[in-house]
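Novice: structure for the following, please:
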Amino acid sequence: MLRKRILWLMIFVSTLSWTASVSAHGQVWNFLGNGQIHGTRDHDRIEVTRHEAVFRTIQLRVSNDTIFFDRVVVNFGNRTSQTFPVGDRISPEGKNYVLTLDGGGHAVESVELWYFKEPWQHNPRISLYGTN
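Specialist: Below is the predicted model:
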């Protein structure tokens with residue numbers, strides 16, 4: 001009888017941990033905005049289209065060509081900002097770059113992208129996504 005209870009307890013704990021793992025990986029990324037890099041400047045600003053929503057993480061997705069980012073500045077609706085030093089190349093084939101915002105979540109107004117100008121074959125495109 002005790003073995004059955006232990007077995008059921010182990011099955012319950014395993015099921016619970018599997019469910020938590022699946023829900024953690026099933027994040028829904030909301031589209032926030034996008035922009036085209038033209039190479040005439042060393043930075044661009046993307047206005048966020050969802051001012052009413054609160055986000056904890058921001059994701060950068062790069063397409064068309066690789067970009068060497070210096071830093072990313074996330075501007076919030078309360079007129080504060082958070083700077084993320086990057087110092088790395090982000091390519092379309094690579095992983096998406098995820099920024100975790102300080103605090104319990106923020107209304108994001110815009111994102112400033114500071115990068116190094118390069119001779120791109122195709123003008124890179126950046127898409128922003130967020131999740132709470």
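Novice: is the most centrally placed residue in the chain in a bridge, and if so with what?
Specialist: Averaging the C-alpha coordinates of the chain gives a centre point, and the residue nearest to it by CA atoms, centre = their mean is Gln59 (1.6 Å). The residues paired with Gln59 through beta bridges, assigned by DSSP bridges, are Val98, Tyr129.
Novice: please tell me I have it right and Gly39 contacts Asn123.
Specialist: Yes - using CB atoms under 8 Å, Gly39 makes contact with Asn123 at a distance of 6.6 Å. Any C-beta I mention is one placed from the backbone N, CA and C, and that applies to glycine too.
Novice: the more surrounded of those two?
Specialist: Set side by side, Gly39 and Asn123 show unequal neighbour counts under other CB atoms under 10 Å, the larger going to Gly39 at 14 against 11.
Novice: tell me how far the more buried one lies from Ser91.
Specialist: For Gly39, the distance to Ser91 equals 16 Å [CB to CB, to the nearest Å].
Novice: cool, and Val62?
Specialist: When CB to CB is applied, the distance between Val62 and Ser91 equals 6 Å.
Novice: neighbour count for the two, which is higher?
Specialist: Taking neighbours as other CB under 10 Å, Val62 and Ser91 compare with Val62 leading, 21 against 13.
Novice: list the contacts of the residue nearest to the centre of the chain.
Specialist: Applying CB atoms under 8 Å, 6 or more residues apart in numbering to Gln59 gives the contacts 29, 96-99, 128-131.
Novice: let's see 7 Å
Specialist: Applying CB atoms under 7 Å, 6 or more residues apart in numbering to Gln59 gives the contacts 29, 96-98, 129.
Novice: just give me the closest of the residues you listed to Val73.
Specialist: Tyr97 (13.9 Å; CB to CB).
Novice: how many neighbours does the closest one have?
Specialist: By other CB under 10 Å, 18 other residues sit near Tyr97.
Novice: find the nearest non-adjacent residue to it, please.
Specialist: With sequence-adjacent residues excluded and distances taken as CB to CB, 6 or more residues apart in numbering, Tyr97 is closest to Leu60, at 4.3 Å.
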